[in-house]
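*Asks:* whatever this is, show me its structure:
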Amino acid sequence: MKRVLYIGNNLNHKNSNISSIQSLGALFAGEGIIVYLSSNKVNKLLRLLDMVSAVITKRRKVDIVIIDTYSTQNFYYALIISQLCRFLRLDYVPSLNGGNLPNRLEKNPSLCKLIFSNSFKNVSPSIYLLESFKKFGYKNVAFIPNTIEIKNYKYFERTDKSIKLLWVRSFSKIYNPSMAIHVLKLLKESNYDASLCMVGPDSDGSLSEVKDLAASLDLDVEFTGKLAKEKWIELSENYNIFINTTNFDNMPVSVIEAMALGLPIVSTNVGGIPYLIENGADGLLVEPNNPEIMVDAVISIIEDESLRKRLAANAREKVEQFDWDIVKKQWFEVLK
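*Replies:* Numbering: from 1, shown residues only. This next block holds a predicted model:
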(Lines give C-alpha, C1' and ligand atoms only; values in the text may rest on other atoms or scores of the structure.)
Protein backbone atom coordinates (compact mmCIF):
# COMPACT_ATOMS: atom_id res chain seq x y z
CA MET A 1 0.00 0.00 0.00
CA LYS A 2 1.40 3.38 -1.03
CA ARG A 3 2.01 6.04 1.62
CA VAL A 4 1.99 9.68 0.57
CA LEU A 5 2.79 12.92 2.36
CA TYR A 6 0.88 15.69 0.60
CA ILE A 7 2.22 19.21 1.20
CA GLY A 8 -0.02 22.17 0.36
CA ASN A 9 -2.47 24.73 1.68
CA ASN A 10 -4.87 22.49 3.56
CA LEU A 11 -6.90 25.46 4.74
CA ASN A 12 -10.56 25.39 5.66
CA HIS A 13 -11.78 28.87 6.48
CA LYS A 14 -14.02 31.50 4.98
CA ASN A 15 -11.26 33.03 2.82
CA SER A 16 -10.27 29.86 0.98
CA ASN A 17 -11.82 27.61 -1.62
CA ILE A 18 -11.26 23.87 -1.69
CA SER A 19 -7.65 23.32 -2.77
CA SER A 20 -6.13 20.45 -4.70
CA ILE A 21 -4.56 19.01 -1.55
CA GLN A 22 -8.04 18.56 -0.12
CA SER A 23 -9.79 17.21 -3.21
CA LEU A 24 -6.96 15.04 -4.55
CA GLY A 25 -5.94 13.92 -1.08
CA ALA A 26 -9.46 12.62 -0.45
CA LEU A 27 -9.49 10.80 -3.79
CA PHE A 28 -6.16 9.14 -2.99
CA ALA A 29 -7.48 8.03 0.39
CA GLY A 30 -10.56 6.60 -1.30
CA GLU A 31 -8.26 4.34 -3.32
CA GLY A 32 -6.67 2.89 -0.19
CA ILE A 33 -3.56 5.08 -0.29
CA ILE A 34 -2.36 6.23 3.12
CA VAL A 35 -2.27 10.03 2.93
CA TYR A 36 -0.81 12.51 5.40
CA LEU A 37 -1.71 16.18 4.77
CA SER A 38 0.16 19.33 5.76
CA SER A 39 -0.57 22.08 6.53
CA ASN A 40 -3.79 23.61 7.85
CA LYS A 41 -2.10 26.49 9.67
CA VAL A 42 -3.45 29.90 8.62
CA ASN A 43 -0.34 31.85 9.59
CA LYS A 44 2.16 31.45 6.76
CA LEU A 45 5.23 31.05 8.95
CA LEU A 46 3.51 28.49 11.16
CA ARG A 47 2.31 26.72 8.03
CA LEU A 48 5.86 26.44 6.72
CA LEU A 49 7.14 25.17 10.07
CA ASP A 50 4.34 22.62 10.17
CA MET A 51 5.22 21.45 6.66
CA VAL A 52 8.89 21.08 7.60
CA SER A 53 7.94 19.17 10.74
CA ALA A 54 5.68 16.84 8.74
CA VAL A 55 8.48 15.96 6.32
CA ILE A 56 10.94 15.27 9.13
CA THR A 57 8.57 13.24 11.32
CA LYS A 58 6.98 11.28 8.46
CA ARG A 59 10.15 10.64 6.47
CA ARG A 60 10.28 6.95 7.42
CA LYS A 61 6.52 6.45 7.09
CA VAL A 62 6.00 7.60 3.50
CA ASP A 63 7.12 6.52 0.05
CA ILE A 64 6.80 9.86 -1.71
CA VAL A 65 6.02 13.52 -1.07
CA ILE A 66 3.63 15.50 -3.30
CA ILE A 67 4.11 19.27 -3.15
CA ASP A 68 1.47 21.68 -4.44
CA THR A 69 3.55 24.29 -6.26
CA TYR A 70 2.33 27.81 -6.98
CA SER A 71 3.87 30.80 -8.69
CA THR A 72 3.65 33.55 -6.06
CA GLN A 73 4.64 33.56 -2.36
CA ASN A 74 3.76 29.90 -1.89
CA PHE A 75 6.45 29.05 -4.43
CA TYR A 76 8.90 29.29 -1.54
CA TYR A 77 7.10 26.53 0.35
CA ALA A 78 7.85 24.24 -2.56
CA LEU A 79 11.46 25.44 -2.69
CA ILE A 80 12.13 24.77 0.99
CA ILE A 81 10.24 21.49 1.19
CA SER A 82 11.79 20.11 -1.98
CA GLN A 83 15.30 20.81 -0.75
CA LEU A 84 14.50 19.24 2.61
CA CYS A 85 13.30 16.16 0.74
CA ARG A 86 16.55 16.07 -1.20
CA PHE A 87 18.54 16.27 2.05
CA LEU A 88 16.49 13.44 3.53
CA ARG A 89 16.63 11.41 0.29
CA LEU A 90 12.88 11.44 -0.15
CA ASP A 91 11.33 11.29 -3.61
CA TYR A 92 9.10 14.28 -4.22
CA VAL A 93 6.63 15.29 -6.94
CA PRO A 94 5.77 18.95 -7.49
CA SER A 95 2.13 19.33 -8.56
CA LEU A 96 2.20 22.42 -10.75
CA ASN A 97 -0.78 24.60 -9.84
CA GLY A 98 0.42 28.15 -10.48
CA GLY A 99 -0.92 29.70 -13.68
CA ASN A 100 1.98 32.17 -13.67
CA LEU A 101 4.72 29.56 -13.20
CA PRO A 102 6.17 30.26 -16.67
CA ASN A 103 7.01 33.75 -15.43
CA ARG A 104 8.70 32.23 -12.39
CA LEU A 105 10.72 29.91 -14.64
CA GLU A 106 11.96 32.93 -16.55
CA LYS A 107 12.70 35.20 -13.60
CA ASN A 108 14.12 32.67 -11.14
CA PRO A 109 15.74 29.94 -13.25
CA SER A 110 18.23 28.83 -10.61
CA LEU A 111 15.61 28.44 -7.87
CA CYS A 112 13.31 26.61 -10.27
CA LYS A 113 16.10 24.28 -11.27
CA LEU A 114 16.66 23.32 -7.63
CA ILE A 115 13.04 22.21 -7.39
CA PHE A 116 12.15 20.81 -10.78
CA SER A 117 15.42 19.27 -11.96
CA ASN A 118 15.77 17.16 -8.83
CA SER A 119 12.20 15.92 -8.51
CA PHE A 120 11.11 12.34 -9.08
CA LYS A 121 8.53 13.72 -11.52
CA ASN A 122 6.81 17.04 -12.12
CA VAL A 123 3.05 16.76 -12.64
CA SER A 124 1.30 19.36 -14.77
CA PRO A 125 -2.53 19.60 -14.83
CA SER A 126 -2.40 21.45 -18.15
CA ILE A 127 -0.73 21.16 -21.53
CA TYR A 128 0.02 24.87 -21.13
CA LEU A 129 2.41 24.28 -18.23
CA LEU A 130 3.72 21.06 -19.75
CA GLU A 131 4.83 22.95 -22.86
CA SER A 132 6.17 25.86 -20.82
CA PHE A 133 8.35 23.54 -18.75
CA LYS A 134 9.61 21.74 -21.84
CA LYS A 135 10.48 25.11 -23.36
CA PHE A 136 12.77 25.72 -20.37
CA GLY A 137 14.42 22.34 -20.77
CA TYR A 138 12.51 20.22 -18.25
CA LYS A 139 11.81 16.73 -19.57
CA ASN A 140 10.59 14.97 -16.43
CA VAL A 141 7.05 16.40 -16.66
CA ALA A 142 3.87 14.33 -16.81
CA PHE A 143 0.49 15.70 -17.86
CA ILE A 144 -2.26 14.65 -15.44
CA PRO A 145 -5.34 16.87 -15.71
CA ASN A 146 -7.27 18.24 -12.78
CA THR A 147 -9.97 15.74 -12.02
CA ILE A 148 -13.62 15.56 -11.01
CA GLU A 149 -16.03 12.72 -10.33
CA ILE A 150 -18.32 13.13 -13.32
CA LYS A 151 -21.18 11.27 -11.65
CA ASN A 152 -21.59 14.23 -9.28
CA TYR A 153 -22.38 16.68 -12.11
CA LYS A 154 -25.86 16.64 -13.59
CA TYR A 155 -25.85 17.76 -17.21
CA PHE A 156 -28.86 19.44 -18.79
CA GLU A 157 -29.47 21.94 -21.57
CA ARG A 158 -30.24 25.55 -20.67
CA THR A 159 -33.16 27.00 -22.63
CA ASP A 160 -33.91 30.25 -20.74
CA LYS A 161 -33.71 33.29 -23.03
CA SER A 162 -32.80 35.71 -20.26
CA ILE A 163 -29.11 36.05 -19.40
CA LYS A 164 -28.22 34.52 -16.05
CA LEU A 165 -24.49 34.73 -15.48
CA LEU A 166 -22.59 32.64 -12.94
CA TRP A 167 -19.06 33.44 -11.74
CA VAL A 168 -17.27 31.05 -9.35
CA ARG A 169 -13.80 31.84 -8.01
CA SER A 170 -11.97 33.38 -5.07
CA PHE A 171 -12.22 37.16 -5.07
CA SER A 172 -8.66 38.01 -5.97
CA LYS A 173 -7.25 40.72 -8.22
CA ILE A 174 -5.58 38.17 -10.51
CA TYR A 175 -9.03 36.75 -11.32
CA ASN A 176 -10.34 40.23 -12.21
CA PRO A 177 -13.80 39.86 -10.61
CA SER A 178 -14.71 43.51 -11.32
CA MET A 179 -14.86 42.63 -15.03
CA ALA A 180 -17.99 40.57 -14.33
CA ILE A 181 -19.68 43.67 -12.94
CA HIS A 182 -18.83 45.67 -16.05
CA VAL A 183 -20.17 42.86 -18.24
CA LEU A 184 -23.49 42.98 -16.40
CA LYS A 185 -23.61 46.78 -16.68
CA LEU A 186 -23.09 46.69 -20.45
CA LEU A 187 -25.77 44.02 -20.86
CA LYS A 188 -28.22 46.13 -18.87
CA GLU A 189 -27.37 49.20 -20.93
CA SER A 190 -28.17 47.18 -24.06
CA ASN A 191 -31.61 46.41 -22.56
CA TYR A 192 -30.98 42.72 -21.97
CA ASP A 193 -32.73 40.92 -19.12
CA ALA A 194 -29.54 39.97 -17.30
CA SER A 195 -28.48 38.93 -13.82
CA LEU A 196 -25.22 37.91 -12.15
CA CYS A 197 -24.34 35.65 -9.24
CA MET A 198 -20.78 35.63 -7.90
CA VAL A 199 -19.72 32.70 -5.73
CA GLY A 200 -16.52 32.53 -3.73
CA PRO A 201 -14.58 33.70 -0.68
CA ASP A 202 -12.65 36.93 -0.36
CA SER A 203 -8.96 36.28 -0.91
CA ASP A 204 -7.32 39.71 -0.88
CA GLY A 205 -9.99 42.31 -0.12
CA SER A 206 -11.37 42.33 -3.65
CA LEU A 207 -14.87 41.29 -2.55
CA SER A 208 -15.62 44.60 -0.86
CA GLU A 209 -14.25 46.49 -3.86
CA VAL A 210 -16.48 44.52 -6.23
CA LYS A 211 -19.52 45.04 -4.02
CA ASP A 212 -18.80 48.79 -3.93
CA LEU A 213 -18.46 48.82 -7.72
CA ALA A 214 -21.80 47.05 -8.16
CA ALA A 215 -23.47 49.50 -5.78
CA SER A 216 -21.95 52.53 -7.53
CA LEU A 217 -23.34 51.28 -10.86
CA ASP A 218 -26.74 50.56 -9.29
CA LEU A 219 -26.52 46.86 -10.09
CA ASP A 220 -28.25 44.13 -8.12
CA VAL A 221 -25.66 41.36 -7.93
CA GLU A 222 -25.99 38.25 -5.78
CA PHE A 223 -22.87 37.58 -3.69
CA THR A 224 -23.09 34.21 -1.93
CA GLY A 225 -19.67 34.12 -0.28
CA LYS A 226 -17.96 30.77 0.01
CA LEU A 227 -20.25 27.81 -0.74
CA ALA A 228 -19.68 24.10 -0.38
CA LYS A 229 -19.24 22.43 -3.74
CA GLU A 230 -22.60 20.70 -3.49
CA LYS A 231 -24.31 24.02 -2.78
CA TRP A 232 -22.91 25.92 -5.75
CA ILE A 233 -23.57 22.97 -8.06
CA GLU A 234 -27.19 23.05 -6.93
CA LEU A 235 -27.25 26.83 -7.38
CA SER A 236 -25.86 26.50 -10.91
CA GLU A 237 -29.15 25.03 -12.12
CA ASN A 238 -30.60 28.56 -11.98
CA TYR A 239 -28.00 30.01 -14.40
CA ASN A 240 -27.30 29.57 -18.10
CA ILE A 241 -23.83 31.02 -18.84
CA PHE A 242 -20.58 30.69 -16.89
CA ILE A 243 -18.10 33.55 -17.19
CA ASN A 244 -14.43 33.37 -16.27
CA THR A 245 -12.79 36.81 -16.15
CA THR A 246 -9.30 35.94 -14.97
CA ASN A 247 -6.02 37.59 -16.03
CA PHE A 248 -3.88 34.57 -15.04
CA ASP A 249 -4.90 30.93 -15.02
CA ASN A 250 -3.81 27.34 -15.33
CA MET A 251 -6.58 24.71 -15.55
CA PRO A 252 -9.28 25.90 -13.13
CA VAL A 253 -11.46 23.20 -11.63
CA SER A 254 -14.43 25.59 -11.44
CA VAL A 255 -14.41 25.92 -15.24
CA ILE A 256 -14.12 22.14 -15.66
CA GLU A 257 -17.08 21.73 -13.31
CA ALA A 258 -19.15 24.28 -15.24
CA MET A 259 -18.39 22.40 -18.47
CA ALA A 260 -19.56 19.18 -16.82
CA LEU A 261 -22.81 20.84 -15.75
CA GLY A 262 -23.75 21.95 -19.27
CA LEU A 263 -23.09 25.64 -18.68
CA PRO A 264 -21.78 27.33 -21.84
CA ILE A 265 -18.45 28.98 -21.01
CA VAL A 266 -17.18 32.43 -21.89
CA SER A 267 -13.63 32.90 -20.64
CA THR A 268 -10.68 35.17 -21.07
CA ASN A 269 -8.03 33.67 -23.32
CA VAL A 270 -5.14 33.50 -20.84
CA GLY A 271 -2.65 30.98 -19.45
CA GLY A 272 -3.89 27.42 -19.68
CA ILE A 273 -7.45 28.30 -20.69
CA PRO A 274 -6.96 27.90 -24.48
CA TYR A 275 -5.49 24.45 -23.76
CA LEU A 276 -8.70 23.54 -21.96
CA ILE A 277 -11.27 25.32 -24.15
CA GLU A 278 -11.24 25.27 -27.93
CA ASN A 279 -12.74 28.57 -29.04
CA GLY A 280 -16.00 28.06 -30.88
CA ALA A 281 -16.04 24.30 -30.22
CA ASP A 282 -16.61 23.87 -26.48
CA GLY A 283 -16.57 27.46 -25.24
CA LEU A 284 -15.90 31.03 -26.32
CA LEU A 285 -12.61 32.79 -25.60
CA VAL A 286 -12.15 36.55 -25.46
CA GLU A 287 -9.22 38.84 -24.80
CA PRO A 288 -8.63 39.66 -21.11
CA ASN A 289 -9.88 42.82 -19.44
CA ASN A 290 -12.28 43.62 -22.27
CA PRO A 291 -15.88 43.45 -21.03
CA GLU A 292 -17.28 44.68 -24.37
CA ILE A 293 -16.00 41.61 -26.20
CA MET A 294 -17.17 39.30 -23.43
CA VAL A 295 -20.63 40.86 -23.70
CA ASP A 296 -20.69 40.12 -27.43
CA ALA A 297 -19.80 36.49 -26.72
CA VAL A 298 -22.51 36.18 -24.07
CA ILE A 299 -25.13 37.62 -26.43
CA SER A 300 -24.09 35.27 -29.23
CA ILE A 301 -24.69 32.27 -26.96
CA ILE A 302 -28.12 33.51 -25.88
CA GLU A 303 -29.26 34.38 -29.40
CA ASP A 304 -27.87 31.33 -31.20
CA GLU A 305 -29.51 28.14 -29.89
CA SER A 306 -27.43 25.81 -32.05
CA LEU A 307 -24.21 27.43 -30.81
CA ARG A 308 -25.36 27.16 -27.20
CA LYS A 309 -26.21 23.46 -27.55
CA ARG A 310 -23.00 22.64 -29.40
CA LEU A 311 -20.72 24.38 -26.91
CA ALA A 312 -22.38 22.72 -23.92
CA ALA A 313 -22.47 19.21 -25.39
CA ASN A 314 -18.86 19.32 -26.61
CA ALA A 315 -17.65 20.69 -23.29
CA ARG A 316 -19.34 17.90 -21.36
CA GLU A 317 -17.87 15.28 -23.67
CA LYS A 318 -14.38 16.75 -23.22
CA VAL A 319 -14.40 16.87 -19.42
CA GLU A 320 -15.73 13.33 -19.14
CA GLN A 321 -12.09 12.42 -19.87
CA PHE A 322 -11.15 14.16 -16.62
CA ASP A 323 -13.19 11.74 -14.52
CA TRP A 324 -11.29 10.31 -11.58
CA ASP A 325 -11.73 6.72 -12.79
CA ILE A 326 -9.62 7.69 -15.82
CA VAL A 327 -7.19 10.16 -14.24
CA LYS A 328 -6.33 7.96 -11.25
CA LYS A 329 -4.56 5.49 -13.54
CA GLN A 330 -2.15 8.25 -14.56
CA TRP A 331 -1.47 9.13 -10.92
CA PHE A 332 -0.87 5.47 -10.08
CA GLU A 333 1.78 5.37 -12.81
CA VAL A 334 3.61 8.24 -11.09
CA LEU A 335 3.18 6.92 -7.56
CA LYS A 336 4.29 3.36 -8.33
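
*Asks:* following element in sequence after the least confident helix or strand in the chain by mean pLDDT, please.
*Replies:* When each helix and strand of the chain is scored by mean pLDDT, DSSP states H and E, helix 20-30 comes last, with a mean of 91. Sequence order places strand 34-38 as the next helix or strand after helix 20-30, per DSSP states H and E.

*Asks:* how about that next one: buried residues?
*Replies:* The neighbour-count check on strand 34-38 (16 or more other C-beta atoms under 10 Å) flags 35-38 as buried. All C-beta atoms are positioned from the backbone trio N, CA, C, and that covers glycine.

*Asks:* include distance to Y128 when you put those into CSV, please.
*Replies:* Shown next, in CSV, are those (distance: C-beta to C-beta, whole Å):
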residue, distance to Y128
V35, 27
Y36, 30
L37, 27
S38, 28
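
*Asks:* that older thread, show me what the least confident helix or strand of the chain is packed against.
*Replies:* Counting contacts by 3 or more C-beta pairs under 8 Å, 6 or more residues apart in numbering; DSSP states H and E, helix 20-30 packs against strand 3-7, strand 34-38, helix 324-335.

*Asks:* which residues does that helix contact?
*Replies:* Defining contact as C-beta atoms under 8 Å, 6 or more residues apart in numbering, one finds that helix 20-30 is touched by 4, 6-10, 12, 35, 37, 68, 95, 97, 146-147, 149, 253, 324, 328, 331.

*Asks:* okay, the angle between that helix and strand 34-38?
*Replies:* Inter-element angle recorded for helix 20-30 and strand 34-38: 160 degrees (by axes from the mean of the first three to the mean of the last three C-alpha atoms, to 10 degrees).

*Asks:* deepest-packed of the helices and strands packed on helix 20-30, please.
*Replies:* Greatest average neighbour count among those goes to strand 3-7 (a mean of 24), per mean count of other C-beta atoms under 10 Å.

*Asks:* pLDDT (mean, whole number) over it?
*Replies:* Strand 3-7 carries an average pLDDT of 97.

*Asks:* what strands flank it, and is each parallel or antiparallel?
*Replies:* strand 34-38 (parallel), strand 64-69 (parallel) (DSSP bridges).

*Asks:* ranges for the helices of the stretch 151-300 of the chain?
*Replies:* Using DSSP state H, counting those that start in this stretch, the helices assigned to the stretch 151-300 of the chain run over residues 178-189, 206-216, 229-235, 253-260, 273-276, 291-303.

*Asks:* what's the most buried one of these?
*Replies:* Ranked by mean neighbours (mean count of other C-beta under 10 Å), these are led by helix 253-260, with a mean of 24.

*Asks:* please tell me how far the residue nearest the centre of the chain sits from S38.
*Replies:* Nearest to the mean C-alpha position of the chain, by C-alpha atoms, centre = their mean, lies P252 at 2.6 Å. Distance from P252 to S38, counting by C-beta to C-beta, to the nearest Å: 24 Å.

*Asks:* now the least confident helix or strand of the chain: buried residues?
*Replies:* Within helix 20-30, the residues scored as buried using 16+ other C-beta under 10 Å are 20-25, 27-28.

*Asks:* kindly report the same for stretch 45-54.
*Replies:* Neighbour count says stretch 45-54 has 47-48, 50-52, 54 buried, by 16+ other C-beta under 10 Å.

*Asks:* pipe these into JSON lines and attach distance to D160, pLDDT and secondary structure per row.
*Replies:* Output for these, formatted as JSON lines (distance: C-beta to C-beta, whole Å; pLDDT from 0 to 100; DSSP: H, G, I helix; E, B strand; the rest coil):
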{"residue": "R47", "distance to D160": "44", "pLDDT": "95", "secondary structure": "helix"}
{"residue": "L48", "distance to D160": "48", "pLDDT": "96", "secondary structure": "helix"}
{"residue": "D50", "distance to D160": "47", "pLDDT": "97", "secondary structure": "helix"}
{"residue": "M51", "distance to D160": "47", "pLDDT": "97", "secondary structure": "helix"}
{"residue": "V52", "distance to D160": "52", "pLDDT": "98", "secondary structure": "helix"}
{"residue": "A54", "distance to D160": "49", "pLDDT": "98", "secondary structure": "helix"}
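
*Asks:* which of those sits closest to V221?
*Replies:* R47 (33.1 Å; C-beta to C-beta).

*Asks:* F171: which of the helices of the stretch 151-300 of the chain is closest?
*Replies:* Closest among the helices of the stretch 151-300 of the chain, using C-beta to C-beta: helix 206-216, at 4.0 Å.

*Asks:* orientation of that closest one relative to helix 178-189 in degrees?
*Replies:* Angle, helix 206-216 to helix 178-189, by the same axes, to 10 degrees: 20 degrees.

*Asks:* so what touches helix 206-216?
*Replies:* Helix 206-216 is contacted from outside by 171-173, 175, 177-178, 180-181, 198, 201-202, 220-221, 223, using C-beta under 8 Å, 6+ apart.

*Asks:* could you do stretch 121-131 as well?
*Replies:* 66, 93-97, 101-102, 116, 133, 138, 140-146, 250-251, 271-272, 274-276, 334.

*Asks:* could I get the buried residues of strand 34-38 in a markdown table, plus columns for pLDDT?
*Replies:* Shown next, in a markdown table, are the buried residues of strand 34-38 (pLDDT from 0 to 100):
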| residue | pLDDT |
| --- | --- |
| V35 | 96 |
| Y36 | 97 |
| L37 | 96 |
| S38 | 96 |
